[in-house]
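K.L.:
predicted model and sequence below, questions to follow.
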Amino acid sequence: MSDEQIRLGELRDQIDSLDQQIMDLVSARARCAQEVAEVKMAHNPGQDVFFYRPEREAQVLRRIKEANPGPLSDEEMARLFREIMSACLALEKPMHIAFLGPVGTFTQAAALKHFGHSVVSVPLPAIDAVFREVESGSAHYGVVPVENSTEGMINHTLDMFMSSPLKICGEVQLRIHHHLLCSPENRDQDITRIYSHQQSFAQCRQWLDAHRYGIERVAVSSNAEAARRAAEEPGTAAIAGDMAGELYGLDVVAAKIEDRPDNTTRFLIVGREEVGPSGQDKSSILVSMRNKPGALYQLLEPFHRNGLSLTRIETRPSPSGTWAYVFYIDFEGHMDDDLISKVLSEVEAEAVELKRLGSYPIGVL
Ligand SMILES: O=C(O)C(=O)C[C@]1(C(=O)O)C=C[C@@H](O)C=C1
């Protein structure tokens, strides 16, 4: 045996023994999670038991990132524990997660990033269908896109909160990489048409103008649908992400063609219950003010006076009348906090309506 073979043999024995220890520990953890489920059921007889605890998951993942000794990166270590927790939760209760489909969209990638791969992910054709599925109890949670760093807010999602009773239970951000993809059979052909979602065309506009100027761009309902068409139609290509490309067996002609390297989409997790404080939280509200001078100042002043940090404010037309507006506001902190509750009461006193959409952990992954 060569020196290399001897040394590799020793190291692989070590790895085998460590794998056994990891497996024993993961199994012990899974048994703990099973007991947690029994406690939750015993203390909530005859009620809807909420097995998924977003605030606890955020605390676990944050602690893992802080305690990580390396050499794996904090993100990599958190991803591994994300999957362990996902498997533990599935033992407690298999979670059904509705997402804006079809299969292969970035929203599915976001759902799996947030919940791990042990959930059942259910594709739905539209944002309102995702809300309905969760409202009716057919899915435990839903995942919908809410904003993109290049293209701005996804208004349809914001508007859903005006009428839906659902709460925001979490957020997850996903770096969006778009590729120009085509089927292996199409590779040597002239491409005369490119399919994509209109948002993705917008995120790759400069690249397309510089590299594929004059080629017909056809907007379809999703990137996954674009990939499906490119797989079937000769002479076509798609702009889509890795998941859709892999699903339809497409080759990458040009990778990462988004105009901004930090192109990121933020997604919301919606559910039927409120989430407790995790220690690093965000809250969202919808407010409509009377249409009078100084209304916006009156709305924002209590936040400023009490040192609360707003992370987003968006204006949407109100469904209740022409030229009336609703403000969608995100701020740091949890609504259970006394100071936040005082600020919201002050705003509420001046508002036509204030709707609390929920407090939830700031995205960890
Ligand atoms: O702590 C709990 O409530 C658990 O159910 C355990 C656990 C975990 O595996 O750590 C699993 C699922 C929950 O979403 C949060 C955490």
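P.N.:
Received the coordinates, thanks.
K.L.:
flag every residue of the stretch 151-300 of the chain that's near the ligand.
P.N.:
By Cβ under 6 Å from any ligand atom, no part of the stretch 151-300 of the chain sits against the ligand. Where you see a C-beta, it was placed from the backbone N, CA and C, and this is true even at glycine.
K.L.:
low-confidence stretches in the stretch 151-300 of the chain?
P.N.:
Scanning the stretch 151-300 of the chain for pLDDT under 70 picks out nothing.
K.L.:
hang on, isn't W207 packed against D259?
P.N.:
Yes: between W207 and D259 there is a contact at 6.0 Å, judged by Cβ atoms under 8 Å.
K.L.:
common neighbours of these two, please.
P.N.:
Residues touching both W207 and D259 by Cβ atoms under 8 Å, 6 or more residues apart in numbering: none at all.
K.L.:
does whichever residue of the chain sits closest to the ligand sit in a helix, a strand or a coil?
P.N.:
For the chain and the ligand, the shortest gap (Cβ to the nearest ligand atom) falls at C88, measuring 3.5 Å. Secondary structure state of C88, per DSSP: H, G, I helix; E, B strand; the rest coil, is helix.
K.L.:
what is the burial count for it?
P.N.:
20 (other Cβ atoms under 10 Å).
K.L.:
kindly report the same for V130.
P.N.:
Going by other Cβ under 10 Å, the residues that sit close to V130 add up to 28.
K.L.:
isn't it up against S138?
P.N.:
No: contact status for V130 versus S138: not in contact, 10.6 Å apart, counting by Cβ under 8 Å.
K.L.:
who touches both of those two?
P.N.:
Between them, V130 and S138 share these contacting residues under Cβ under 8 Å, 6+ apart: A98.
K.L.:
any idea what the residue nearest to Y325 when sequence neighbours are not counted is bridged to?
P.N.:
Leaving out its chain neighbours, the residue that sits closest to Y325 by Cβ to Cβ, 6 or more residues apart in numbering is T315, at 5.1 Å. Legend: beta-bridge partners of T315 under DSSP bridges are F327.
K.L.:
mind checking how far T315 is from Y360?
P.N.:
From T315 across to Y360, the span is 22 Å (Cβ to Cβ, to the nearest Å).
K.L.:
do I64 as well
P.N.:
19 Å.
K.L.:
report the buried residues of the helix or strand containing Y360.
P.N.:
In the assignment (DSSP states H and E), Y360 maps to strand 351-361. Neighbour-count burial for strand 351-361 flags A351, L354, K355, R356, L357, G358, S359, Y360, P361 (criterion: 16 or more other Cβ atoms under 10 Å).
K.L.:
quick one: contacts for the closest residue to the last one other than its chain neighbours?
P.N.:
Sequence neighbours aside, A58 is the residue nearest to P361 in space, at 3.4 Å (criterion: Cβ to Cβ, 6+ apart). Residues counted as contacts of A58 (Cβ under 8 Å, 6+ apart) are G170, S278, Q280, P361, I362, V364.
K.L.:
could you give the mean pLDDT of stretch 3-14?
P.N.:
Across stretch 3-14, the average pLDDT comes to 97.
K.L.:
can you tell me what sits against it?
P.N.:
Residues outside stretch 3-14 that contact it (Cβ under 8 Å, 6+ apart): M1.
K.L.:
if we use 10 Å, what do you get?
P.N.:
Around stretch 3-14, the neighbours that count as contacts under Cβ atoms under 10 Å, 6 or more residues apart in numbering are M1, S2.
K.L.:
what is the helix or strand hosting G245 packed up against?
P.N.:
For G245, the host element (DSSP H and E) is helix 242-247. Under the contact criterion of 3 or more Cβ pairs under 10 Å, 6 or more residues apart in numbering; DSSP states H and E, helix 242-247 touches helix 106-115, strand 179-182, helix 223-232, strand 236-240, strand 251-254.
K.L.:
look up how far D281 lies from I64.
P.N.:
From I64 to D281 the distance is 19 Å (Cβ to Cβ).
K.L.:
if you count what's nearby, which of these two comes out ahead?
P.N.:
Legend: neighbour count by other Cβ under 10 Å for I64 and D281, higher for D281 (24 against 19).
K.L.:
distance of the more buried one from A58?
P.N.:
Distance from D281 to A58, by Cβ to Cβ: 8 Å.
K.L.:
what about the helices in this structure?
P.N.:
3-43, 54-67, 74-92, 106-115, 127-135, 155-163, 198-203, 205-211, 223-232, 242-247, 295-305, 338-350 (DSSP state H).
K.L.:
most tightly surrounded among those?
P.N.:
Compared across those, helix 106-115 shows the largest average neighbour count, a mean of 25 (mean count of other Cβ atoms under 10 Å).
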